[in-house]
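Asks: build me a model:
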Amino acid sequence: MDFTFTEDQQMFAEAARSVLTAEVTADRIRDRWSTPSGLDLPLLHQMQELGLPRMLVPESLGGLGLGQADFIMMAQTCGYVACPEPIAEQVMVTAPLLVDVLDRGLGHGAVQTALDALQGGALVATGHPINPFINFAEQAEWFLLGHGEGLYLLPASEVTMKPCKSVDPSRRIAEVSFEASDAHCLAKGESGAALWRSTLNRGALGTAAQLVGLAQAMIDQSVKYTTDREQFGKAVGANQAVKHLLADVAVQIEYAKPVIYRAAYTAAISPGRADFAVSHAKVAAARAALLATRHCIQVHGAMGYTWECDLQIWVKRAWALAREWGDEGFHKNRIHEWLLRPNALLGPDLTFGRGSITDTVAA
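Replies: Have a look, this model is predicted:
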């Protein structure tokens, strides 16, 4: 399978990446920690001007009509710069969920209102049942929330929020509660369950991409640190033990990248068969990111644990996102269930043959 990105995809990703890497620095992230909202509103405005909130919205609804594979590199960049703003969540999770509701002819007029607000730069938060906390809930104008298998759309005035503290000071999480009523209900039963399942896959996929970006950033910071810092007259990074620690992480990152790209492709062309691919991506990305946290802190020595060291920004984000949209145990269980299906296409003859592990045959 060819995961080579097109020239247009690369150009769009590069344009947004240049803005993010210039605007989202460690110092500016620290500045957000002391602000009431925790958001950089000028940055969000720049992302809105670049068209990011509209990327996965069909042209008929005012968007750019692109797919998840078009945004996956941008999600990695959001992780690479440890972007506090929920850009990836807005683009990959919330916007497609609102589009799905409209495509199914569900809900009411508020759905289009919320989608228009999102494309205009407003925050619309999604509270999937698997995530007990919602990031930047206090800054959201609309909420997509679950109660059982039901999906509800509510304005901020209709929900109750209880702020909580995260290990990552850039995250402004809160518990959100609401009164489930038919007036705000968009879908129930099988329709609601299907929408939440697709949302879970998109959320896990976007988080996986960010985790790989975080891991790559930690490696780059550690390489620079061990190159600049000298001990006994030579760079710390010249020691073979240090090289091995960082090389182990680099290998895990390279293993995770094609898995994520394959999951984005599968979710785009066959959402109903994406569970296995997405869970594989989340497990691989979380494993790479958590290994990076351990090894990169180690090669930084005692400095890696300190508040003053920039590395801790990326480490804490990785710790938080590794459990977001399902932890390792949850996703390994989904992989386990998929592999044990009686009609699963497994074996070396199918690796490059008529099907792949995401395919099924008639029972």
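
Asks: for the helix or strand hosting Arg17, C-alpha coordinates in CSV please.
Replies: Taking DSSP states H and E as the definition, Arg17 sits inside helix 7-23. As requested, C-alpha coordinates have been extracted for helix 7-23 and formatted as CSV (Å, rounded to 0.1, in the frame of the first residue of the first chain):
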residue,chain,number,x,y,z
GLU,A,7,2.3,17.5,-3.5
ASP,A,8,-0.9,19.4,-2.6
GLN,A,9,-1.1,17.6,0.8
GLN,A,10,2.5,18.3,1.5
MET,A,11,2.2,22.0,0.5
PHE,A,12,-0.8,22.6,2.7
ALA,A,13,0.8,20.8,5.6
GLU,A,14,4.0,22.8,5.2
ALA,A,15,2.1,26.1,5.2
ALA,A,16,0.3,25.3,8.4
ARG,A,17,3.4,23.8,9.9
SER,A,18,5.4,26.9,9.3
VAL,A,19,2.8,28.9,11.2
LEU,A,20,2.7,26.5,14.1
THR,A,21,6.4,26.1,14.6
ALA,A,22,6.9,29.9,14.5
GLU,A,23,4.0,30.7,16.8
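
Asks: that helix: what's the following helix or strand?
Replies: On the C-terminal side of helix 7-23, the closest following helix or strand by DSSP H and E is helix 26-33.

Asks: so which bits of the next helix or strand after that following helix are buried?
Replies: Once the chain leaves helix 26-33, the next helix or strand it forms, by DSSP H and E, is helix 41-50. By neighbour count, with 16 or more other C-beta atoms under 10 Å as the criterion, the buried positions of helix 41-50 are 43-44, 46-48, 50. All C-beta atoms are positioned from the backbone trio N, CA, C, and that covers glycine.

Asks: how about TSV for those, with distance to Glu324 and pLDDT added?
Replies: Output for these, formatted as TSV (distance: C-beta to C-beta, whole Å; pLDDT from 0 to 100):
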residue	distance to Glu324	pLDDT
Leu43	21	92
Leu44	20	92
Gln46	25	91
Met47	21	90
Gln48	24	90
Leu50	25	86
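
Asks: for Ala110, state which of those residues is nearest.
Replies: Gln48 (20.9 Å; C-beta to C-beta).

Asks: for the chain, which segments count as strands?
Replies: 124-127, 134-135, 142-147, 150-155, 159-163, 173-178, 185-187, 230-231, 234-235 (DSSP state E).

Asks: out of those strands, which gets the lowest mean score?
Replies: Here the lowest mean pLDDT among the strands of the chain goes to strand 230-231, at a mean of 60.

Asks: who touches stretch 322-332?
Replies: Around stretch 322-332, the neighbours that count as contacts under C-beta atoms under 8 Å, 6 or more residues apart in numbering are 128, 130-131, 200, 203-204, 206-207, 211, 278-280, 282-283, 286-287, 289-290, 334.

Asks: make that stretch 313-320, sorry
Replies: Contacts of stretch 313-320 with the rest of the structure, by C-beta under 8 Å, 6+ apart, involve 26, 29-30, 79, 82, 166-171, 211, 214-215, 217-218, 221, 289-290, 292-293, 296-297, 304.

Asks: what are the buried residues along stretch 110-120?
Replies: Neighbour counts using 16+ other C-beta under 10 Å place 110-111, 114-115, 117-119 of stretch 110-120 among the buried residues.

Asks: check stretch 162-177 too.
Replies: Buried residues in stretch 162-177 (16+ other C-beta under 10 Å): 168-174, 176.

Asks: on that earlier part again, just the buried ones from the contacts of stretch 313-320, in PyMOL syntax?
Replies: PyMOL command restricting these to the buried ones, with burial defined by 16+ other C-beta under 10 Å:
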select buried, resi 26+29+79+82+168+169+170+171+211+214+215+217+218+221+289+290+292+293+296+297+304
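
Asks: which non-adjacent residue is nearest Val159?
Replies: With sequence-adjacent residues excluded and distances taken as C-beta to C-beta, 6 or more residues apart in numbering, Val159 is closest to Phe178, at 4.6 Å.
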